[in-house]
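Novice: fold the following, please.
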Amino acid sequence: AQRITHIDQLKQYRQLVIRSKSAEPGSLNQALSPDIWYADNYYILLELANKGFGWCFLPEHLVADSPNTLKKVGDDFTKLAWQVNVDLIQHQKWHSDPLHQQAKAELITLFEQNS
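Specialist: Numbering: from 1, shown residues only. Sure, this is the predicted structure:
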């Protein structure tokens with residue numbers, strides 16, 4: 001098996017990327033390949049990767065119990081992989097409330113500063 005030593009080697013294969021159902025791809029999604037499939041949870045990404053549909057970044061605790069169909073690309077790539085999806089759920093009644101709008105704006109600013 002060929003050892004992956006640079007992220008450019010993975011670009012020739014389909015990448016499986018996590019994203020929210022309601023969101024457009026953003027910088028946290030780490031889309032590195034020109035051929036991308038999206039899913040809204042890591043369990044779907046795990047299943048697709050196990051079936052050979054592409055490569056992805058997965059949490060180690062999910063991979064630990066996975067069959068031997070997955071290959072770890074190495075610790076050099078872990079700094080590329082960190083990401084988190086956060087969905088804001090709010091009641092329709094409070095959507096236009098100024099306090100809730102301010103809290104939403106503060107959360108967005110907080111996440112953008114730390115990404």
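
Novice: show me the domain layout of the protein.
Specialist: Using automatic domain parsing, the domain parsing of the chain gives 1-84, 85-115.

Novice: okay if I get those domains as a markdown table plus mean pLDDT and mean neighbour count?
Specialist: For every residue, glycine as well, the C-beta is placed using N, CA and C. Formatted as a markdown table, the domains of the chain follow (pLDDT from 0 to 100; neighbours: other CB atoms under 10 Å):
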| stretch | mean pLDDT | mean neighbour count |
| --- | --- | --- |
| domain 1-84 | 79 | 13 |
| domain 85-115 | 82 | 10 |
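
Novice: go ahead and flag the most central residue of the protein.
Specialist: Geometric centre of the chain, nearest residue: residue 18, 3.4 Å, by CA atoms, centre = their mean.

Novice: mind listing the helices for the chain?
Specialist: Listed in chain order, the helices of the chain (DSSP state H) span 7-10, 42-50, 60-63, 78-81, 98-113.

Novice: turn these into JSON lines, including distance to residue 90.
Specialist: Shown next, in JSON lines, are these (distance: least, CB to CB, whole Å):
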{"stretch": "helix 7-10", "distance to residue 90": "37"}
{"stretch": "helix 42-50", "distance to residue 90": "24"}
{"stretch": "helix 60-63", "distance to residue 90": "29"}
{"stretch": "helix 78-81", "distance to residue 90": "30"}
{"stretch": "helix 98-113", "distance to residue 90": "6"}
